[in-house]
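Undergrad: How does the following fold in three dimensions:
(2 chains)
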Amino acid sequence: MYTVADLKKGLKIILDGDPYLVVAFDFVKPGKGQALYRTKMRNMINGSLLDRTYRSGESFEPASLEERSMEYLYKEGEHYTFMDQQTFEQVVMEEETLGDAKNYLLENLKVEVMLFGEKAIGISLPNFVNLRVTETEPWAKGDTSGNDSKPATVETGYVLRVPPFIEVGELIVIDTRTGDYSTRVKG
Amino acid sequence: MKIDALWLRANVIKTVRDFFWERGFLEVETPLLIPANAPEEYINPIITTNSWQLQTSPEICMKRLLCGGHQKLFQISRCWRSGERGSRHLSEFTMLEWYRSDCDYHTLMADCEELLQYVAARCIPESRSFVRDSSLITPFAPWQRISVQEAFLRFGQVDVWECLRKGLYEEVLTSTVEPALAGFSTPVILMDYPKELAALARTKHEDSELAERFELYVGGLELANGFSELNDPDEQRRRFEEANRSRRNAGQTALPMPEPFLNTLATMPESAGIAMGLDRLVMLTAGADTIDEVVTFTPEEL
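TA: The predicted structure is shown next:
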């Protein structure tokens, strides 16, 4: 168990059954009065923010979270399946839980899956992924319209802006932190 | 800590010292390691070898000097309060305390006005204003003095006595009253606290439910706590015992009584004393958001 003295930014605790990350913390103690521990916490499952104030003597259950390397296998409806290559254990995650990460999931992609008990609550992706362009307008040479980008669809179905010279079939690098085109893979 | 913050800190300390020297105050150094602090419900001393304690404030020793006939005293010293760490708290911090005999808390309020004007004029001569959350606070315009009850009614639309009964006092003070005080462009004095909130202060002659205690706020930051001193040893012992009873009820250890202090308290003249957080005064002078920015090293850096 944690006590209020353990509270700090980055601490993970269980509140009403959900894991929470402490994202802001301050100790306040007005004029010789009772100490208050003010926290702002993020629900690690749905991302919602919560303000809570605690007093001396309160305690918290630590949230034990585990990150495991897994491979993305396949998608069925809104369910995405991942597998631990060592134990062959599989976990399923909802599209809603994955958020934008679903845009980069190509079969056999290696990701870090965050587990809260048995439940997968999120994944961390590599900062950059390579995806092939499946659809985009051809580059009209001599185009003077001044557009320096155009839409393109990649093999996961994700649509982003790319430079005009990118063609169907090319492999491009995407920054998963911003979702933006980064560069093209030559050769 | 940045080099200009170090210079500013040194300058504030020197300026504070000059202020009191110019006004004939005696600068004293009382022992930091003592057998007993004033027992308080919510202040935990750091216990050292042989059960002695680091001072949580120099007040016990300074009041004994008042008993010995010294009339104007000041001290800049380190104090320790176990478990206190936040954006404006350090477990080890620097306190400025001054005491005067033959006066009450009104004299201290006037001292505060003069001191803050003196520091602003010398340490921040261009703006002559303190900074908190990017707002300027000038000590040169008239300061408002607001009673605690009035502040709770005006800013929180609640009665302070009701808050105390329901255990909501600290919550309302920090979430409603202090943010409202941050909106003032001058320092503000909050005064006349319910007597439960003033363990060592004298009650008012005209209303025994109120204590002659005040707090100085600058930009919503609590800077100093002063009061007319209680000099009735029986009443003081009763309040210390009450604090220890509350501590035991909350599962805390009771603290030893400062007996030599209680034994000489009857000889203390009418007096008033005040404690000001010097690190916080430097924060306001530097416009620093956190106490971390105005000390050489935080505990985490050691």
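
Undergrad: tell me the SS of the closest residue to chain B within chain A?
TA: Taking Cβ to the nearest Cβ as the measure, chain A has A:Phe27 as its residue closest to chain B, at 2.9 Å. Placement of C-beta: from N, CA and C, glycine included. The assignment at A:Phe27 comes out as strand when based on DSSP: H, G, I helix; E, B strand; the rest coil.

Undergrad: Look at it and say how many residues are nearby.
TA: By the other Cβ atoms under 10 Å in any protein chain shown criterion, the neighbourhood of A:Phe27 contains 18 residues.

Undergrad: List the residues that contact it.
TA: When contacts are counted by Cβ atoms under 8 Å, 6 or more residues apart in numbering or on different chains, A:Phe27 touches A:Ala35, A:Leu36, A:Tyr37, A:Arg38, B:Glu84, B:Arg85, B:Gly86, B:Ser87, B:His89.

Undergrad: Swap in 6 Å and give it another go.
TA: Under the criterion of Cβ atoms under 6 Å, 6 or more residues apart in numbering or on different chains, the contact list for A:Phe27 reads A:Tyr37, B:Arg85, B:Gly86, B:His89.

Undergrad: Could I get those residues in TSV, plus columns for pLDDT, neighbour count and secondary structure?
TA: Written out in TSV, the entries for those read as follows (pLDDT from 0 to 100; neighbours: other Cβ atoms under 10 Å in any protein chain shown; DSSP: H, G, I helix; E, B strand; the rest coil):
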residue	pLDDT	neighbour count	secondary structure
A:Tyr37	93	20	strand
B:Arg85	92	16	coil
B:Gly86	93	17	strand
B:His89	96	19	strand
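
Undergrad: For the residue of chain A closest to chain B, which non-adjacent residue is spatially closest?
TA: In this structure, A:Phe27 finds its nearest non-sequential neighbour in B:Gly86, 2.9 Å apart by Cβ to Cβ, 6 or more residues apart in numbering or on different chains.

Undergrad: I figured the one you found hits A:Lys29, correct?
TA: No: with contact taken as Cβ atoms under 6 Å, B:Gly86 and A:Lys29 are classed as non-touching, separated by 7.7 Å.

Undergrad: how about the helices of chain A, start to end?
TA: Counting by DSSP state H, residue ranges of the helices within chain A are A:95-98.

Undergrad: Would you mind listing what in it touches chain B?
TA: Proximity of chain A to chain B, by Cβ under 6 Å from any Cβ of the partner chain, involves residues A:Asp26, A:Phe27, A:Val28, A:Pro30, A:Gly31, A:Gly33, A:Gln34, A:Leu36.

Undergrad: can we see that at 8 Å?
TA: Residues of chain A lying near chain B by Cβ under 8 Å from any Cβ of the partner chain: A:5, A:26-36, A:53, A:56-57.

Undergrad: any idea which of these is the one closest to B:Glu22?
TA: When the residues of chain A next to chain B are compared for distance to B:Glu22 (Cβ to Cβ), A:Gly31 wins out at 29.2 Å.

Undergrad: What pLDDT is listed against that closest one?
TA: Predicted confidence (pLDDT) for A:Gly31: 79.

Undergrad: shouldn't it be in contact with B:Asn225?
TA: Yes: when contacts are counted by Cβ atoms under 8 Å, A:Gly31 is listed as touching B:Asn225 (5.7 Å).

Undergrad: Show me the common contact partners of these two, please.
TA: Between them, A:Gly31 and B:Asn225 have B:Glu215 as joint contacts when contacts are counted by Cβ under 8 Å, 6+ apart.

Undergrad: didn't the residue nearest to A:Phe27 look like it was pressed against A:Leu36?
TA: No: using Cβ under 8 Å, B:Gly86 is not in contact with A:Leu36, being 9.5 Å away.
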